[in-house]
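**Q** Fold the following, please.
(chains A, B, C and D)
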Number of protein chains: 2
Amino acid sequence: MKKKESTKELILRTASELFQRQGYHGTGLNQIIEESGAPKGSLYYHFPNGKEEIAVEAIKLMKKHLLEGAAKDLEEKDTAAEAFQYHIHKIASDFEKKHQMEGVQIGLIASETAATHESLRNSCQHAYADWQALYANRLIAYGYEKEMANDLAVTINALIEGAVTLALTSASGSPLYSVARQLPSLLKQ
Amino acid sequence: MKKKESTKELILRTASELFQRQGYHGTGLNQIIEESGAPKGSLYYHFPNGKEEIAVEAIKLMKKHLLEGAAKDLEEKDTAAEAFQYHIHKIASDFEKKHQMEGVQIGLIASETAATHESLRNSCQHAYADWQALYANRLIAYGYEKEMANDLAVTINALIEGAVTLALTSASGSPLYSVARQLPSLLKQ
DNA sequence: GTCTATATAAAGATAGAC
DNA sequence: GTCTATCTTTATATAGAC
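**A** Take a look at the predicted model:
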């Protein structure tokens, strides 16, 4: 039996969704309260340091989902190109179904806060580091040498972040498919 | 002799810088007033529709600078790979000098407003379209066939947007250099 | 066209009863 | 741990003198 979601988890999940869709500054605590149904008192009980603390925890949650999703997508494919193409196609089809990104992008919060909120910039940096480590390990498993794998991991990470931004802006999965078509030349060993 | 910057231009330039660094919601009109030195009355005189109107104009200005910079970077190189590598290296070294991005990224505003402010999403979409058209035209000049050039233009656009996000987050130009190193395999004709 | 003062709403945060 | 009421600051926006 699945354990019931605690108030803290509920707040965090709601915040995580809103931050991804509207960004850090675009999301108010009042909105988190309203959408989650949790009372404001509870919010400050569970997160005494307020908005910034919620965001740090929300980024950790996004990272967790990000890594789980990516790890699953990259399993059991014959080549690196196939694996990452499948990964990107998955993101694209999810987006086209729901018309919103879900657990694929921390770039918005990262860009917003890089110049002004050191603790959030740091959280995002750690998320990217773990993400890229996962990609690099998969690439090594497909036969790439370590240094090359690291460079490619960064490149694929950038490619996906950028393509997600373009997809949101054009309200279409098409940029993701363009990128996926070009992946094989990047991963031709 | 250079014409003196009008109040309207001053407001727009200041807003454009702040929006790029802190995003749309992270930048208040009061901050634009303070940093530009312009009075609040003037702001609403020149932009009667308030913040959203300023942002639409600011995005147009960013696009202009973006296109001018890119066009210049991509001139007179022997191969497409050389041209775009030079372009990315230029972005990276600019970033390392000033520790902030200047006129390279509209992705932040785009992602922030895609779900909530249709007019801004639209402005960003047009900026990306022009940007990609410039890239595609350069690629065609380097001998690529039209459809391939379009796909590559989208891919390089995504790559740069994503790498800029990673650079801001890690406070380092390194992701841009990683991406630049991988460009040749993408542009091997 | 410029500038200040002000209205009004919303933000983040806190206090204290239960 | 939960909930409401409230404080303070900041946001966007306006009015009206000059």
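**Q** quick one: average confidence on the helix or strand A:Glu112 falls within?
**A** Following DSSP states H and E, the helix or strand that holds A:Glu112 is helix A:107-113. Helix A:107-113 carries an average pLDDT of 97.
**Q** Output the contacting helices and strands for it.
**A** When contacts are defined as 3 or more Cβ pairs under 8 Å, 6 or more residues apart in numbering or on different chains; DSSP states H and E, helix A:107-113 sits against helix A:7-22, helix A:51-73, helix A:118-141, helix A:146-170, helix B:107-113, helix B:146-170. Yep, even glycine has a C-beta here, placed from its N, CA and C like the rest.
**Q** what about 7 Å?
**A** If you count contacts as 3 or more Cβ pairs under 7 Å, 6 or more residues apart in numbering or on different chains; DSSP states H and E, helix A:107-113 packs onto helix A:118-141, helix B:107-113, helix B:146-170.
**Q** what sits against the closest residue in space to A:Leu120 that isn't next to it in sequence?
**A** Closest residue to A:Leu120 apart from its sequence neighbours, by Cβ to Cβ, 6 or more residues apart in numbering or on different chains: A:Thr113 at 3.9 Å. Counting by Cβ atoms under 7 Å, 6 or more residues apart in numbering or on different chains, A:Thr113 touches A:24, A:120-121.
**Q** ok, the residues you listed vs chain B, which is closest?
**A** Comparing the contacts of A:Thr113 against chain B with Cβ to the nearest Cβ places A:Arg121 closest, at 6.2 Å.
**Q** For the nearest residue to that closest one once chain neighbours are set aside, grab the count of nearby residues.
**A** Of all residues not flanking A:Arg121 in the chain, A:Ala114 sits nearest, at 4.8 Å (Cβ to Cβ, 6+ apart). Using other Cβ atoms under 10 Å in any protein chain shown, A:Ala114 has 24 other residues around it.
**Q** Look up how far A:Ile54 lies from the closest residue to A:Asn150 other than its chain neighbours.
**A** The shortest distance from A:Asn150 to any non-neighbouring residue, by Cβ to Cβ, 6+ apart, is to A:Ala136 (5.1 Å). According to Cβ to Cβ, to the nearest Å, A:Ala136 and A:Ile54 sit 31 Å apart.
**Q** and the residue of chain A positioned farthest from its centre, how far is that from A:Ala180?
**A** Taking Cα atoms, centre = their mean, the residue of chain A most remote from its mean C-alpha position is A:Gly41, at 29.0 Å. Relative to A:Ala180, A:Gly41 is positioned 47 Å away (Cβ to Cβ).
**Q** do the same with A:Ser123
**A** For A:Ser123, the distance to A:Ala180 (Cβ to Cβ) stands at 29 Å.
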